[in-house]
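Q: Below is the sequence, then the predicted model.
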Amino acid sequence: MLSAYKMSKGALLNKVEGGWAGRQTMGVAYGGPTEFKYTDISLRKAYGTSYDQALQIIGRFDVNMRLDTVKFLNPHDSVKTDSWSMLAHKHKKTGTEVFTTARDAEVPYRIPAIAQTRAGDLIYFTDYRPCKQDIGFGRVDQHYRISRDGGKTWGAEQVLVEGTGTKGAMDCAYGDPVIAADRESDELYLSTGCGDRPYPAATTTRQNPFPMVDWRSKDGGKTWSRPREITEKIYRLLDKGSLGPAQSLFFSSGKMTQSRMVKKDRYYRLYVAILVRGQGNYLLYSDDFGNGWKILGGNQVQPCLEGDEAKCEELPDGSVLLSSRKNGGRFFNVFNYTDVRKGRGVWQQCAASQDDNHGCRATDNSTNGEILSVKAVRQEDQKELTLLLQSVPLGPGRSHVGIWYKALESKADYSSPAVIARNWEDFFQVTALNSAYSTMVQLHDGSIAFAWEEATYGQAYTQMFRRLTVEEITCGKYRSCTSR
């Protein structure tokens with residue numbers, strides 16, 4: 001680290017091409033051509049303030065490009081003086097490394113999935129990829145770690161299952177974990193894809209499908225069952241669908257959503273999004289914690305025909321929101337129940353959320369993130385509402401993973417996918433590095449457990465963890481008002 005020194009505003013403007021601003025400090029990042037490619041907004045135009053006042057405002061955010069035309073990124077403490085210290089740095093650590101892919105690592109990690117058990121433990125799953133690629137190209141294992149203290153420390157890395165790497169074998173690889181923790185018991189449910197067939201390959205068909213398995217734990221993740229194949233159980237749901245049998249499909253990784261409202265017998269309902277080659281997305285639901293699955297709304301309607309990997313979340317009235325990755329942002333659709341117990345209802349019209357409607361911009365990338373709804377209070381007027389959070393790489397490309405947020409004050413704010421898609425308030429940037437998939441869950445105390453993959457050492461990817469508050473994500477505009 002260099003020694004601090006002072007410079008004039010003019011000299012600072014001549015030197016800073018990209019960086020972040022904090023309490024009496026400014027750190028230089030990679031510079032405009034590689035680090036930032038956001039649309040600039042003028043401080044004077046946005047706030048009508050003098051330059052000195054603008055500097056006070058800017059101190060609460062990460063900034064890019066010149067200081068008089070900037071795009072706001074992360075919240076930081078307010079700057080209290082015009083005397084700036086200049087610190088050169090390579091990387092500002094943004095979280096805890098849970099699974100590290102070092103610069104010279106032979107085997108990378110990919111795909112985060114995280115859950116909190118009823119007892120409060122955090123369990124974090126990820127692919128360990130000796131083949132260095134997805135299922136279909138060799139061996140992939142499933143590794144996990146458990147934290148007993150909310151993510152401050154993590155237990156030893158454990159292996160749930162190792163792929164054999166054997167061509168033609170069901171146990172060749174196990175990848176893309178998705179997990180749920182039951183809120184009223186110590187049960188956990190985990191599913192992955194498996195085998196040696198690539199999802200997109202033309203040779204992967206209904207007769208030669210992309211296989212799937214699941215696991216269960218009854219003791220909060222201390223022990224796990226053997227893998228159970230569920231391929232036929234899922235594929236047969238689409239055999240009489242309007243677009244014909246599924247040729248290849250899989251569960252989207254990360255968080256599996258458990259309803260807060262719909263309960264049948266022992267369990268609250270589970271929801272998971274699937275991606276079907278050539279058919280886009282469907283949502284499945286289970287009322288027995290993953291033992292059996294059905295298609296939400298049936299197999300005659302495709303909620304998001306253009307969709308890719310997707311996530312889902314429950315809205316305040318019990319309807320279900322689908323969020324699917326697309327280049328430049330997300331697709332949204334909403335399922336409204338007509339018969340909750342039988343899973344019947346109506347899908348609305350899918351809508352795109354991107355830069356041109358002030359939506360969830362993901363510049364120059366199509367990457368899966370997470371959708372999460374939390375109860376919050378707006379600080380300005382103490383109004384209780386629901387806050388939608390959507391994580392994506394902000395870009396350009398797979399970089400700068402962040403979290404967009406939007407308040408739902410009334411049913412009118414989620415009356416249609418088009419309404420949900422537009423006018424998101426702002427975003428919180430989690431990392432300044434190259435980064436891709438992310439997921440999050442709300443913890444018992446109302447904070448957010450955020451997991452993402454990051455090129456921390458120039459390698460794709462280290463699996464990261466950070467515990468965030470609603471206040472941090474929204475720069476103090478909102479606070480959490482209830483536990484999950």
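A: Structure's in. What do you need? This structure is a prediction, so every number in the text was calculated from the model and none was measured. Residues are numbered from 1 along each chain as shown.
Q: Identify the residue nearest Val213 in space, chain neighbours excluded?
A: In space, Val213 comes closest to Pro227 once its chain neighbours are excluded; the distance is 4.1 Å by C-beta to C-beta, 6 or more residues apart in numbering. Just so you know, the C-beta spots here come from the backbone N, C-alpha and C atoms, and that holds for glycine as well.
Q: tell me the contacts of the one you found?
A: By C-beta atoms under 8 Å, 6 or more residues apart in numbering, the residues touching Pro227 are 161, 174, 194, 213-215.
Q: Kindly indicate which of those residues lies nearest Tyr414.
A: Asp214 (31.2 Å; C-beta to C-beta).
Q: ok, then the element right after the worst-scoring helix or strand of the chain on mean pLDDT?
A: For the chain, counting by mean pLDDT, DSSP states H and E, strand 85-88 ranks last in confidence among helices and strands (a mean of 29). For strand 85-88, the succeeding helix or strand toward the C-terminus, using DSSP states H and E, is strand 96-99.
Q: other SSEs contacting that next one?
A: Counting contacts by 3 or more C-beta pairs under 8 Å, 6 or more residues apart in numbering; DSSP states H and E, the secondary-structure elements packed against strand 96-99 are strand 122-128, strand 141-147, strand 462-468.
Q: Isn't Glu314 up against Val320?
A: Yes: Glu314 is within contact range of Val320, at 6.0 Å (criterion: C-beta atoms under 8 Å).
Q: The closest residue to Gln258 other than its chain neighbours: which element?
A: In this structure, Gln258 finds its nearest non-sequential neighbour in Tyr268, 5.1 Å apart by C-beta to C-beta, 6+ apart. Element membership of Tyr268 [criterion: DSSP H and E] is strand 267-276.
Q: helices and strands around that strand, which ones?
A: Judged by 3+ C-beta pairs under 8 Å, 6+ apart, strand 267-276 is in contact with strand 249-251, strand 257-264, strand 280-286, strand 310-314, strand 320-326.
Q: shaky segments in this structure?
A: Screening the chain residue by residue with the criterion pLDDT under 70, one finds the ranges 1-93, 482-484.
Q: Now list whatever residues contact both of Glu314 and Val320.
A: Once C-beta under 8 Å, 6+ apart is applied, the residues that Glu314 and Val320 both contact turn out to be Tyr271.
Q: So for those two, which sits in the more crowded spot?
A: Looking at Glu314 and Val320 with other C-beta atoms under 10 Å, you find the greater number of neighbours at Val320, namely 26 against 19.
Q: Surely that one is in contact with Val334?
A: Yes: in terms of C-beta under 8 Å, Val320 counts as a neighbour of Val334; the distance is 7.1 Å.
Q: ok, back up a step: so of the contacts of Pro227, which ones are in strands?
A: Counting by DSSP state E, those place 161, 174, 194, 213-215 in strands.
Q: contacting residues around stretch 333-342?
A: Taking C-beta under 8 Å, 6+ apart as the criterion, the residues outside stretch 333-342 that touch it are 262, 264, 283, 296-297, 303-304, 315, 318-322, 324, 343-351, 414, 416-417, 420.
Q: quick one: buried residues of that stretch?
A: Of all the residues in stretch 333-342, those buried under the rule 16 or more other C-beta atoms under 10 Å are 333-335, 337.
Q: how close does Pro316 get to Val374?
A: With distances defined as C-beta to C-beta, to the nearest Å, the gap from Pro316 to Val374 amounts to 11 Å.
Q: Now Ala460: closest residue in space that isn't a chain neighbour?
A: Taking C-beta to C-beta, 6+ apart, and ignoring the residues beside it in sequence, Ala460 has Pro108 as its nearest neighbour in space, at 6.1 Å.
Q: Next, give phi and psi for that neighbour.
A: Its backbone dihedrals place Pro108 at phi -90, psi 160, with angles given as degrees, to the nearest 10.
Q: Test my guess that it contacts Gln463.
A: No: between Pro108 and Gln463 no contact is recorded; they are 9.9 Å apart, counting by C-beta under 8 Å.
Q: Pick out whichever of these two has more residues nearby.
A: Here Pro108 and Gln463 are compared on neighbour count by other C-beta under 10 Å; more neighbours surround Gln463, at 31 against 21.
Q: where's the more buried one relative to Ala246, distance?
A: As defined by C-beta to C-beta, Gln463 lies at a distance of 30 Å from Ala246.
Q: can you check Gly328 too?
A: Computed as C-beta to C-beta, the Gly328 to Ala246 distance reads 27 Å.
Q: if you count what's nearby, which of those two comes out ahead?
A: Per other C-beta under 10 Å, whichever of Gly328 and Ala246 has more neighbours is Ala246, with 24 against 19.
Q: number of nearby residues for the spatially closest residue to that one that is not a sequence neighbour?
A: Leaving aside its chain neighbours, Ala246 sits nearest to Leu238 (4.3 Å; criterion: C-beta to C-beta, 6+ apart). Neighbour count for Leu238, taken as other C-beta under 10 Å: 21.
Q: these two touch, right, Leu238 and Ile295?
A: Yes: if you go by C-beta under 8 Å, Leu238 and Ile295 touch, sitting 7.5 Å apart.
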